[in-house]
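Engineer: predicted coordinates and the sequence they were generated for:
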4 protein chains.
Amino acid sequence: MRKVKVGVLGATGMVGQRFMQLLAGHPWFEVTELAASERSAGKPYEEAVGDRWKIGGEIPDFARGKIVKECKPGLDCDLVFSALDSSVAGLIEEELAMAGYPVCSNSRNHRMDPDVPLLVPEINHDHLEAIKGQKLGDGFIVTNPNCSTIGLVIPLKPLLDSFGLKRVFVTTMQALSGAGFKGFDLDIQDNVLPYIGGEEEKMEMEPLKILGRFEKGRFLDAGLGISAQCNRVNVQNGHLETVNVELGSKAGLDDVISSLKGFNPLEGFGLPSAPNPPIIVKEEDDRPQPKYDRDAGEGISELARGMAVTVGRVRECRILDYKFVLLSHNTIRGAAGASILNAELMLKKGMI
Amino acid sequence: MRKVKVGVLGATGMVGQRFMQLLAGHPWFEVTELAASERSAGKPYEEAVGDRWKIGGEIPDFARGKIVKECKPGLDCDLVFSALDSSVAGLIEEELAMAGYPVCSNSRNHRMDPDVPLLVPEINHDHLEAIKGQKLGDGFIVTNPNCSTIGLVIPLKPLLDSFGLKRVFVTTMQALSGAGFKGFDLDIQDNVLPYIGGEEEKMEMEPLKILGRFEKGRFLDAGLGISAQCNRVNVQNGHLETVNVELGSKAGLDDVISSLKGFNPLEGFGLPSAPNPPIIVKEEDDRPQPKYDRDAGEGISELARGMAVTVGRVRECRILDYKFVLLSHNTIRGAAGASILNAELMLKKGMI
Amino acid sequence: MRKVKVGVLGATGMVGQRFMQLLAGHPWFEVTELAASERSAGKPYEEAVGDRWKIGGEIPDFARGKIVKECKPGLDCDLVFSALDSSVAGLIEEELAMAGYPVCSNSRNHRMDPDVPLLVPEINHDHLEAIKGQKLGDGFIVTNPNCSTIGLVIPLKPLLDSFGLKRVFVTTMQALSGAGFKGFDLDIQDNVLPYIGGEEEKMEMEPLKILGRFEKGRFLDAGLGISAQCNRVNVQNGHLETVNVELGSKAGLDDVISSLKGFNPLEGFGLPSAPNPPIIVKEEDDRPQPKYDRDAGEGISELARGMAVTVGRVRECRILDYKFVLLSHNTIRGAAGASILNAELMLKKGMI
Amino acid sequence: MRKVKVGVLGATGMVGQRFMQLLAGHPWFEVTELAASERSAGKPYEEAVGDRWKIGGEIPDFARGKIVKECKPGLDCDLVFSALDSSVAGLIEEELAMAGYPVCSNSRNHRMDPDVPLLVPEINHDHLEAIKGQKLGDGFIVTNPNCSTIGLVIPLKPLLDSFGLKRVFVTTMQALSGAGFKGFDLDIQDNVLPYIGGEEEKMEMEPLKILGRFEKGRFLDAGLGISAQCNRVNVQNGHLETVNVELGSKAGLDDVISSLKGFNPLEGFGLPSAPNPPIIVKEEDDRPQPKYDRDAGEGISELARGMAVTVGRVRECRILDYKFVLLSHNTIRGAAGASILNAELMLKKGMI
């Protein structure tokens, strides 16, 4: 099988770097184009990144000497991944779709558009239907959720399917890497920052679209209420979230746990980045912990690492029905890995 | 005015050290006795503490050379503060009360006893009536709440009084110092621990007693539901909590904020450790933060420092009525300072 | 006295921000111009800084709405401070000097130039003579040392004067803020980075110039050898350094300590940012510590805060003569504060 | 081969826990006895440890239910490992040796005794001769060095053998786990502690014995001078040290590196905990780092993990000959693992 040629937009930023790392040696994709801002364009990737390689490990060999291009049509690839900053992502992604490229975007700009899927392969691949409504020429745009949303919606999905869901309270303790370069804050030492601009709004809206239906050409929100409080803590990678849920119907604790453990809609799809199972339920009182559980995930390849959501402390809630803690890796499952899994699904479905 | 002679039980532990620090130079109290376990008894305090002075600053001069005694009747003082570990506090506190001492305890053992006040001077000083029911000879026991409870109940009180309260969700991000010596965990680096043994139970029960009434010789729980999730984060001092509340009646955001800001029931009491006001409401999006707000509190003396609760991000909740973030200093307002404020109130009321 | 009008080049970066903070309310200087890169030029300072205000506190009111200009001649001021990145500082500083401005630079570009003073007011103000040799029109350039150098040379100066100095070994444990935005590294958690590019070379060369003489139109290096090893540790502010010194002549421990304590060459100069004394000697075994000593420094104004060097653990060395530990604030004494003190000295001397 | 029965003294402390972890599944040793203080004696190990299991992972199954005994003769084992606190280790170890047990001690008490080997198998196994001079009945005591010493002496040994060694300057940045429970200090956040009681003295004396000779019944110190400065940094595990060395004869940089890389005196001995090679030389500018290199070490079993010393940044020194950075795991190579490797060597030599 010939590999599919892919380009990465915003290749020099922190999410772009993670794309490089995950796509190095990907069995289905070959990175043929790296693109970034005018300042980087024309330079070899290694020089454009300079001392800003921040995700551990080394720059993959395939990328080092490759010349960075501008984020414009004319790239030699069959698909682009977008790790662009939201200040520029909107127009660039549209322009590339208009030029015929499928765009798998991690940026927030088009997530809530009425014709753009906010795709989580385990949850809503029927939402890909929405692409037909896009007026973007031969190309199209597919997005993945915010890093704090995705960890939440994955365990909510089996609960919604099995028992219904009415209300969800969530408080996040988010890692530093989610903030990118510009969000870096030295003040995080001996501290917690109880505010992340725009994050709570995303967490309260995105799940309604993801968990909702696409019917007759439009998205119908899932009928549940979400209230989020978002905090930054002194952790490098891995968003931890405490969740309280009110179910639609009564369910025993064992049923709830079985529902989480049994969720595995991508089993048998053969997607390299799909974790099997997508939800890992821990029994220990004191798990999940960012340090030990952020890299959880096993599948048919190493790419599933960091793609599972770990759930722990599932127990009754004095007020609603149940409460639990969840953890997911914010720059793998919550960013680059999510886009790649989306692309794998679309390739499998013959859309690319 | 002659100072009241006080003793400190468990004087060598982390909370005991904080008592030493706060009582040094206290205008009303003079520490005449230090008591601790058999191992420490008979040694000068400085030697008994050894290299375990962990709260910053120096051992106060008055305490350095003072010989540590055992925690038994016979101490030359008018009142004892108890910073004992809960494994031994229960019986020792009873024994001292039986011997005629008023006991102001920070330990959890007697907090929920049907004849022991769980006292927060700003909230429930009528609960001191309960002492009459104690069968402990000439002495008595008064307790203060758990470090994570006290930050929560203080802002809940004006909301309860003004609007009624139905349901409260709280997620804590607690500092390391609350764990004492034995709770120290190196694994907190680059990590969050999503479990603190027994903490959620305390947070769900203690507020019901504190915010309830004492009538006809018994405590009546406040009629509200609380659901807590407790986490340890990599912060030295200061517990941060995210809170969602459902009020008993509808109220505008301004009214809620006014209610918090206007709460000041100890104004004019002249208690050295009382913060004025007890609740500080911040307007900035990104406050309170442990690093900058844990020492908040102004009053008639320096002792009010670290005694205020800082509230921020008061805003509407998509599901319940309001949500906000609060912060309080866990070893000052949440431990030693709370006991001392209790004793100040009792002295003012002529009970000592 | 009318205040001197000053401009700040590179005003939006981390050192530039520290200039804003220190110059707000300065008794002698008034900031009339802020300048930065093309990208920032034309925007109000607050907008140009965006979410990159990283030094704590708020943007000073005087600066918020002020329009940022480009770093070119035409600025309405009597003096410029340069906080420019070394990739651009060299030419811009020359251009401004040629246009008649005195330039007080924190950048490394011109530090080792044969006609540019590498000025530390406590040590070498006779080096200002070198300016006469500058071929820069009516303006001139004066520099201050690297952040890790300045903490070292201040205590070396009295030792050199009193006893002579032959060899110095130094190992640094440097704070994160010294790395600026781009040097930010999430990998510092639970880690030490044993390398800072170019730092050891600066520490081994700059002190020779600073401690040397300016005679007959040229700089003569101080005749001592320095070997440096530089590390980045997980501390927000404050560079800690361990030092071993071989003196030129034998000296008792008391003499060494007296020499350090007695050093105060700027006493009576009345410079607002000058610490009095510049070296604080601690007696405790476990000091200085970054957390507690980085803000040390008292003088005739608040500006002296963070300007003193704290020395501790002065003791005999088994191999050379003495060893000790020192600490200085890397973005105050080690950057913006150093430039400002230089400017104060020059104003006092009538050079501005 | 029947496994050798071993006991662990001080089994509940932090070093004791590491012994449990490393001895679980050891191919040559079987832990038949756990011993600790009176307070723990009589309890199952899991209960005695309580919430003080601090080294990650789980208590090994073999140890959980085993009843802890007192540290007295009568233990059913062929060898004891001592992880006792130095306040009690001295007499207990003597008593056990007198009762016929070989004692492999990690405590400092007997390290400098004139008839006790301070053993590092790669360096000085001929020092085991000294045991003959011990007047301790049928048993004997063998010790391993302090956690900061061992990382230093291993790379010094090949330099000494190849080129001679005159003077060594070392500055340490030591991890928190070396401090044990009582050394825990919350003040390490955003801080460095420039003092560790007694540590510099150990680092300056122990290497002289280790690198020296045992001749005619007595130890002769190696003829070199060492000056140490010891600091505690905010790292969980792994001591980093900067070192400057003056060689006895001139040597090229390549020769120095070859000497370090070629050092492998235990090759072919077949010891399960021996790393092969014992010194790993990194070429990258910014290594070793505690986070990435502390677990270095490969051998014939998993036990070699954490047993190698990683050396990096070998380069010329402006004053002496060379400087470099080293890292070793303080509770594996620097404590429990060192004792176990000693015991393996002695078993191999037929001494047990």
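Structural biologist: Arrived safely, thanks for sending.
Engineer: looking at the stretch 251-352 of chain A, which residue is nearest chain C?
Structural biologist: residue A:291 (8.9 Å; Cβ to the nearest Cβ). No exception for glycine: its C-beta is placed from N, CA and C like everyone else's.
Engineer: tell me the secondary structure for the residue of the stretch 201-350 of chain A at minimum distance from chain D?
Structural biologist: Using Cβ to the nearest Cβ, the point where the stretch 201-350 of chain A gets nearest to chain D is residue A:292, with a distance of 8.4 Å. Following DSSP: H, G, I helix; E, B strand; the rest coil, residue A:292 is assigned to helix.
Engineer: in whichever helix in chain A runs longest, what's buried?
Structural biologist: Across chain A, the helix with the greatest residue count (assigned by DSSP state H) is helix A:147-163. Of the residues in helix A:147-163, A:147-160, A:162-163 count as buried by neighbour count, 16 or more other Cβ atoms under 10 Å in any protein chain shown.
Engineer: count of neighbours near the residue nearest to the residue of the stretch 201-350 of chain A closest to chain D when sequence neighbours are not counted?
Structural biologist: Distances taken as Cβ to Cβ, 6 or more residues apart in numbering or on different chains put residue B:191 closest to residue A:292, at 7.9 Å, once the chain neighbours are dropped. Here the count is done by other Cβ atoms under 10 Å in any protein chain shown, and residue B:191 has 26 residues near it.
Engineer: now do the contacts for residue B:191.
Structural biologist: Residue B:191 is in contact with A:235, A:289-292, B:234, counting by Cβ atoms under 8 Å, 6 or more residues apart in numbering or on different chains.
Engineer: picking up where we left off before, can you tell me the average pLDDT over the longest helix of chain A?
Structural biologist: When pLDDT is averaged along helix A:147-163, the result is 98.
Engineer: ok, it near chain B or not?
Structural biologist: No. Applying Cβ under 8 Å from any Cβ of the partner chain, one finds that helix A:147-163 is not in contact with chain B, the shortest distance being 13.4 Å.
Engineer: helices or strands up against that helix?
Structural biologist: Identification of packing neighbours for helix A:147-163 by 3 or more Cβ pairs under 8 Å, 6 or more residues apart in numbering or on different chains; DSSP states H and E yields strand A:165-174, helix A:199-210, strand A:239-247, helix A:253-262, strand A:279-281, strand A:309-316, strand A:322-328.
Engineer: how about the strands in the stretch 51-200 of chain A?
Structural biologist: Listed from the start of the chain, the stretch 51-200 of chain A has strands (DSSP state E, counting those that start in this stretch) covering A:69-70, A:79-82, A:102-105, A:140-143, A:165-174.
Engineer: so how far is residue A:96 from residue A:90?
Structural biologist: Distance check for residue A:90 against residue A:96: by Cβ to Cβ, to the nearest Å, it reads 12 Å.
Engineer: any idea whether the closest residue to residue A:121 other than its chain neighbours is helix, strand or coil?
Structural biologist: Closest residue in space to residue A:121, ignoring its immediate chain neighbours: residue A:345 at 4.4 Å, by Cβ to Cβ, 6+ apart. Judged by three-state DSSP, the three-state class of residue A:345 is helix.
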